[in-house]
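Student: I'll drop the sequence and a predicted model, then ask my questions.
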Amino acid sequence: MKHVTIRDVARLAGVGIGTASRALNNKKDVSPITRKRVLEAAKRLGYVPNSLARGLISGKTKKIGIIITTILNPFYAVVVSGIEKILSSQGYTLALYNSNEDPEKERESIMTLRAQRVDGLILAPVEYESNNVKYLLENQIPFVLVARNTIDRNTNYVVCDDFKVGRLATEYLIKKGHKRILFINSWKSSSAVLRLEGYKSALLDSGLKIDPKFIYSLDPGSNLRDILENVFSQRKKPTAIFCFCDSIALEVIRFLKYRKIKIPDDVAIIGCDNLDFTELIDPPLTTVEISKYEMGEKSAKILIEKLKEEKEEPVQIILEPKLVIRSST
């Protein structure tokens, strides 16, 4: 594919390269007639400005790197939609990478984006104790964490109150009369750590014991069906299940239906994220809304402001979760 250059535009318009550049950038020292001629030439040739060349001159590429676990996760699809809305309105483009919950893959993505000279990063870190976030801090790379936090507190972030998520869901199940509550958690991330703490806090405050047999963390190699087969083969079975996210809850519901276990009569189910499908499945899923789209919007706004102003104070936003009660509980 032949790339049309500003030299081609200048030649067709019959002006010098400098004049063509000033006309295309709407500088005042170009006459209206010359500007019109240059713009018509650019349109005729299908000229698109070279953002890489502009970046080399200005030191800014107007590109932001986004690293999430996977775009296949509907939760992050919504978060990225919020990010894209704000960035595109400010003339930024996105470079999207998936970490697949792998710290090494996450580091590779960071290095690739640095090589592309992105102006900043928005990151959903894989690990709570993240060496990759330490790297960003040590190298003074502008970034904002979204959806997940890390143990390093001197960071910009937009997250939900994950401790409250765990506590809210567990308290609700306890109030419904449940004492044996299985928690199927994720792993390593701050959300997994804090939701587990909230789950345990609600149990202890209600005078219930924490049973390790009712807590499972799903790493990438885990088989959820095997875990559930093991749990429901025990004499002491759960009467309720709190799932780290709605996607896990959907798989749990499929298993229970396969085993002909009635929901919510035999087992109540609660998820987290309030994804679109949760209203449509049978039964509709009780879940926790954690403001996915707003997370994306706010993280993008913070990064844009940080790129405009050299302020050291981190901006930290914690959004309130909201219980959405439906038929599965």
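Tutor: Received, thanks.

Student: which residues in this protein form strands?
Tutor: Secondary structure of the chain (DSSP state E): strands located at 63-68, 93-98, 120-123, 143-146, 157-160, 181-185, 215-217, 240-243, 268-270, 287-289, 316-319, 322-324.

Student: out of the ones you listed, which comes closest to residue 24?
Tutor: Closest of those to residue 24 is strand 93-98, at 18.6 Å (criterion: Cβ to Cβ). For the C-beta atoms, the positions are set from N, CA and C on the backbone; glycine is no exception.

Student: partners of that closest one in the sheet?
Tutor: As defined by DSSP bridges, the strand partners of strand 93-98 come to strand 63-68 (parallel).

Student: buried ones in the partner strand?
Tutor: Residues 63, 64, 65, 66, 67, 68 are the ones in strand 63-68 that count as buried (16 or more other Cβ atoms under 10 Å).

Student: make CSV out of those residues and add pLDDT.
Tutor: Converted to CSV, the buried residues of strand 63-68 look like this (pLDDT from 0 to 100):
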residue, pLDDT
63, 94
64, 96
65, 97
66, 98
67, 98
68, 97
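
Student: on that earlier part again, make JSON lines from the strands of the chain and add distance to residue 5 to it.
Tutor: Below are these laid out as JSON lines (distance: least, Cβ to Cβ, whole Å):
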{"stretch": "strand 63-68", "distance to residue 5": "21"}
{"stretch": "strand 93-98", "distance to residue 5": "20"}
{"stretch": "strand 120-123", "distance to residue 5": "29"}
{"stretch": "strand 143-146", "distance to residue 5": "34"}
{"stretch": "strand 157-160", "distance to residue 5": "41"}
{"stretch": "strand 181-185", "distance to residue 5": "55"}
{"stretch": "strand 215-217", "distance to residue 5": "55"}
{"stretch": "strand 240-243", "distance to residue 5": "55"}
{"stretch": "strand 268-270", "distance to residue 5": "58"}
{"stretch": "strand 287-289", "distance to residue 5": "50"}
{"stretch": "strand 316-319", "distance to residue 5": "44"}
{"stretch": "strand 322-324", "distance to residue 5": "53"}
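
Student: which parts of this protein are helices?
Tutor: All helices of the chain, identified by DSSP state H, fall at 6-13, 17-24, 32-45, 51-58, 74-89, 103-115, 131-138, 162-175, 190-205, 224-231, 246-258, 292-308.

Student: just the endpoints, please. Distance across stretch 173-184?
Tutor: End-to-end distance of stretch 173-184 (Cα to Cα, to the nearest Å): 14 Å.

Student: residue 98 bridge partners, please.
Tutor: Bridge pairing for residue 98 (DSSP bridges) gives the partners residue 68.

Student: can you count the residues close to it?
Tutor: Look at residue 98: counted by other Cβ atoms under 10 Å, it has 18 neighbours.

Student: any stretches of the stretch 201-329 of the chain with poor pLDDT?
Tutor: In the predicted model of the stretch 201-329 of the chain, residues 310-311 satisfy pLDDT under 70.

Student: let me see the domain layout of the protein.
Tutor: Domain ranges of the chain: 6-49, 60-160+292-321, 162-289, per automatic domain parsing.

Student: of all these, which lies closest to residue 327?
Tutor: Of all the domains of the chain, domain 162-289 sits nearest to residue 327, with 3.8 Å by Cβ to Cβ.

Student: return the distance of the closest residue to residue 304 other than its chain neighbours relative to residue 228.
Tutor: Nearest non-adjacent residue to residue 304, counting by Cβ to Cβ, 6 or more residues apart in numbering: residue 90, 5.7 Å away. Distance, residue 90 to residue 228, by Cβ to Cβ, to the nearest Å: 46 Å.

Student: out of these two, which sits in the more crowded spot?
Tutor: Under the criterion of other Cβ under 10 Å, the comparison of residue 90 against residue 228 puts residue 228 first, with 23 against 13.

Student: hang on, isn't that one packed against residue 252?
Tutor: Yes - in this structure, residue 228 is within contact of residue 252 by Cβ atoms under 8 Å, at 6.7 Å.

Student: now do the same contact list for the nearest residue to residue 76 once chain neighbours are set aside.
Tutor: Distances taken as Cβ to Cβ, 6+ apart place residue 68 nearest to residue 76, at 4.3 Å, with adjacent residues excluded. Contacts for residue 68 were tallied using Cβ atoms under 8 Å, 6 or more residues apart in numbering; they are 76, 79, 80, 96, 97, 98, 99, 124.

Student: thinking residue 157 is in contact with residue 133, fair?
Tutor: No - the pair residue 157 / residue 133 is not scored as a contact, 9.9 Å apart, by Cβ under 8 Å.

Student: common neighbours of those two, please.
Tutor: The contact sets of residue 157 and residue 133 overlap at residue 145 (Cβ under 8 Å, 6+ apart).

Student: if we can go back for a sec, out of the strands of the chain, nearest to residue 40?
Tutor: Per Cβ to Cβ, nearest to residue 40 of these: strand 93-98, 26.3 Å.
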